[in-house]
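Enquirer: sequence below, structure please.
(4 chains)
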There are 2 protein chains.
Amino acid sequence: MATATRPAPGGPSGSSRGHGRSEARERLLSTASALFYREGIRAVGVERILAEAPVTRATFYRHFPSKDELVLAYLRGVDAHIRAGTQAAIDAAPSPADALRAIGTAVADDLARPDFRGCAFLKAAAEYPDPDDPVRQVVLDHRAWYVATLTGLFAQVFGDSPRRGKPEHAALHFVMMRDGAMSGAHLDGADAVGAAFHRGVEGLLTLLH
Amino acid sequence: MATATRPAPGGPSGSSRGHGRSEARERLLSTASALFYREGIRAVGVERILAEAPVTRATFYRHFPSKDELVLAYLRGVDAHIRAGTQAAIDAAPSPADALRAIGTAVADDLARPDFRGCAFLKAAAEYPDPDDPVRQVVLDHRAWYVATLTGLFAQVFGDSPRRGKPEHAALHFVMMRDGAMSGAHLDGADAVGAAFHRGVEGLLTLLH
DNA sequence: CACGCAAGAGAGAACGGTCTTTCTACCTGG
DNA sequence: CCAGGTAGAAAGACCGTTCTCTCTTGCGTG
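Expert: Sure, this is the predicted structure:
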C-alpha cells in the first residue's frame, strides 16, 4: 500500500475510454489554463501542471503531444467560452444597442472579478512575439471574430440613422477601449478603470442613437 | 595572432575608466533593450545578448549583478526617454489642450513606427505577474506619473469651463485609449488603430473645450 | 622617461539548476 | 487482453551564474 496520495483511481465518470475527452485530460486542461492565465505561459513549467492536476508525465504526453499543443488548447478554450457568452448576450438582448451594452457590461464584470489578470489573448501575444507562431494565429482569429461581431451590431444600430460615422470605426473604438481597460485594470485599479470603460461605452452609444 | 574577431580593442572614447558608464555597458544596455522589446524579456537569454552586443560574460556581470538588474535598467531607460519626450512636448505646446494633442500625436507616431511592438511596460507587466516584483514597481511608477501628468493638463483645460466632468476621468479615458491602441496596433494593423486613437483623442478634446 | 600595476575587457570552461521530452515498469477495470 | 492510468528515472538542451586566464590601456611613481 505504498500508493498513498492517489485521487480516486477509477474516477467518477466511468466512460473514460475514448481518446477524445477523459477525466485526466480535463483536469490537465483546466489546471493548466488557470496556471497559464495567472502566472504566465512561459513561467509555468510542465512539472507545476503535473503536480497540481495531479497527473503523471506519461498521461500528459499521451493526451497532448507537446506543451505548445496544451497552450493552444488553453487559448482555444478561452476563445470558445467568450464566443458562447457573447452570442448568448446578443440573443438575449432586445436590440443591437442593448446587445452592445450587454457586451460592455460583460467586459466590466470581468474587470471586477477578484482573479482577473488581464486579457488572456493579449498576454499570450506578449509572450509569443513571433507573428508566425500558431499561438498568434489563435489570438488573431479571436480578435477578428470580435471586431466582426461588433461591426455587425454597430451596423444594425447605424441602420436607423446612417449619418454618424462608420460601423467599423465604432467597433474599433470599442475594441480599443476594451483592450485598454483589460490591460490597465489590474495595474491602475479595477474600480476606476471599470468606471472609465463604462463611461466610454455609454458615450459611444449615446453619441449615435 | 589568434585573436581574430575583436571589435576595436581600445574603443573610440578613451576615458572608460570610471565604473559608472562605459562603452561596453552602453552597448550591453542598448542591445539588450532592443532584444527585450522585440522578442520578450524571458525569451531572450544572456547568451543572445552577449553575442549581439558583443560583450563577454565577465564584462556583463561586472556591470550588472544579474539579468534582473539589466531588465530594470532597460525599463528605467524607456521610462526616462518617455518622460523627457513628454515634458518637451508640454513645454513646446502653446496651451494645455495643445500639449494633450501633442502627447496623443506622439502615441500615434509610435504606433506607426515599423519596429513598433506594443507598450514596453504593458509587455513587461505581462511577463512579470508577481505584484511584488521590482519590475512591476517600475511599471506602476511610470503609469502613475503618466496619469498624474495627464490629470494636471486636463485640470488646466477644465479650468476654463469646469462643468464637463472631472480631470481624473478624462485622464483615465485617455490612458485607457492609449493602452488599447498600444496593445492592438501590431495585431489589428497600425493604420486603422492609429486612426481610431486619433479620433478618440480629438473627440475627448472637442467634447470639453 | 621608463616601469609596473590596477582595471576594463576578451575568451572560454564549467557548475548547478530547470525545462521539455522520452522511456521503462507496474497496476487496474471492462 | 489492453487501453489508460500511476510512478519514476533519465536524456538532452538551455539558462543564469561563477571562475580562471590573457591582453590591453592609462596613469602614477621612482
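Enquirer: how's chain A carved up into domains?
Expert: A:20-64, A:71-206 (automatic domain parsing).
Enquirer: and chain B, is the first one touching that?
Expert: Yes. Using Cβ under 8 Å from any Cβ of the partner chain, domain A:20-64 reaches chain B at A:38-40, A:42-43. Quick note: C-beta positions are derived from backbone N, CA and C, even for glycine.
Enquirer: and for stretch A:143-160?
Expert: Yes. Stretch A:143-160 lies within reach of chain B by Cβ under 8 Å from any Cβ, at A:143, A:147.
Enquirer: list the buried ones in that stretch?
Expert: A:143, A:146-147, A:149-151, A:153-155, A:157-158 (16 or more other Cβ atoms under 10 Å in any protein chain shown).
Enquirer: where does confidence bottom out across those residues?
Expert: Taking the buried residues of stretch A:143-160 together, the minimum pLDDT is found at residue A:158 (88).
Enquirer: ok, now how distant is that residue from DNA strand D?
Expert: Plainly put, residue A:158 is 50 Å away from DNA strand D if you go by Cβ to the nearest atom of the strand, to the nearest Å.
Enquirer: quick check: residue A:139 touching residue A:78?
Expert: No. With contact defined as Cβ atoms under 8 Å, residue A:139 does not count as touching residue A:78 (10.2 Å).
Enquirer: tell me which of these two has more neighbours.
Expert: residue A:139 (22 against 19; other Cβ atoms under 10 Å in any protein chain shown).
Enquirer: give the contact list for the more buried one.
Expert: A:75, A:121-122, A:124-125, B:187 (Cβ atoms under 8 Å, 6 or more residues apart in numbering or on different chains).
Enquirer: what about 7 Å?
Expert: A:121, A:124-125, B:187 (Cβ atoms under 7 Å, 6 or more residues apart in numbering or on different chains).
Enquirer: got it, and residue A:64?
Expert: Residue A:64 touches A:70, A:73, counting by Cβ under 7 Å, 6+ apart.
Enquirer: what about residue A:115, which SS state?
Expert: Following DSSP: H, G, I helix; E, B strand; the rest coil, the label given to residue A:115 is coil.
Enquirer: for the closest residue to it other than its chain neighbours, give its distance to residue A:21.
Expert: In this structure, residue A:115 finds its nearest non-sequential neighbour in residue A:38, 7.2 Å apart by Cβ to Cβ, 6 or more residues apart in numbering or on different chains. Shown here: residue A:38 relative to residue A:21, a distance of 24 Å by Cβ to Cβ, to the nearest Å.
Enquirer: please apply the same query to residue A:137.
Expert: Taking Cβ to Cβ, one finds residue A:137 at 24 Å from residue A:21.
Enquirer: same check on residue A:166?
Expert: Residue A:166 sits at a distance of 43 Å from residue A:21 (criterion: Cβ to Cβ).
Enquirer: what does residue A:118 give?
Expert: Distance from residue A:118 to residue A:21, by Cβ to Cβ: 29 Å.
Enquirer: which intervals of chain A have sub-threshold pLDDT?
Expert: Within chain A, the stretches with pLDDT under 70 are A:1-20, A:160-164, A:208-209.
Enquirer: I figured residue A:185 hits residue A:112, correct?
Expert: No. Between residue A:185 and residue A:112 there is no contact under Cβ atoms under 7 Å: 8.5 Å.
Enquirer: can you list residues touching both of those two?
Expert: In contact with both residue A:185 and residue A:112: residue A:194, using Cβ under 7 Å, 6+ apart.
Enquirer: and the helices in chain A?
Expert: For chain A, helices defined by DSSP state H occupy the ranges A:23-39, A:46-52, A:57-63, A:67-92, A:96-112, A:120-127, A:134-158, A:167-188, A:190-206.
Enquirer: between the fifth one and helix A:190-206, how big is the angle?
Expert: Pointing back at helix A:96-112 there. Relative orientation of helix A:96-112 versus helix A:190-206 (axes from the mean of the first three to the mean of the last three Cα atoms, to 10 degrees): 170 degrees.
Enquirer: in helix A:96-112, what's buried?
Expert: Those would be A:96-104, A:107-108, A:110-111, for helix A:96-112 by 16+ other Cβ under 10 Å.
Enquirer: what do you get for the third one?
Expert: For helix A:57-63, burial by neighbour count (16+ other Cβ under 10 Å) applies to A:59-60, A:63.
Enquirer: tell me the one of those residues nearest chain B?
Expert: Checking the buried residues of helix A:57-63 against chain B with Cβ to the nearest Cβ, the nearest one is residue A:60 at 22.2 Å.
Enquirer: hmm, stretch A:41-51 touching DNA strand D?
Expert: No. Stretch A:41-51 is not in contact with DNA strand D by Cβ under 7 Å from any atom of the strand; minimum separation 8.7 Å.
Enquirer: list of residues touching that stretch?
Expert: Everything outside stretch A:41-51 that qualifies as a contact, by Cβ under 7 Å, 6+ apart, is A:28, A:31-32, A:35-36, A:56-57, A:60, A:67, A:71, A:124, A:127, B:42.
Enquirer: quick one: distance of that stretch to the chain centre.
Expert: Computed by Cα atoms, centre = their mean, to the nearest Å, the separation of stretch A:41-51 from the middle of its chain amounts to 20 Å.
Enquirer: that one: end-to-end distance?
Expert: 16 Å (Cα to Cα, to the nearest Å).
Enquirer: next one: stretch A:156-170
Expert: Termini of stretch A:156-170 sit 12 Å apart (Cα to Cα).
Enquirer: tell me the contacts of residue A:107?
Expert: A:178, A:181, A:197.
Enquirer: among those, who's most crowded?
Expert: residue A:181 (31 neighbours).
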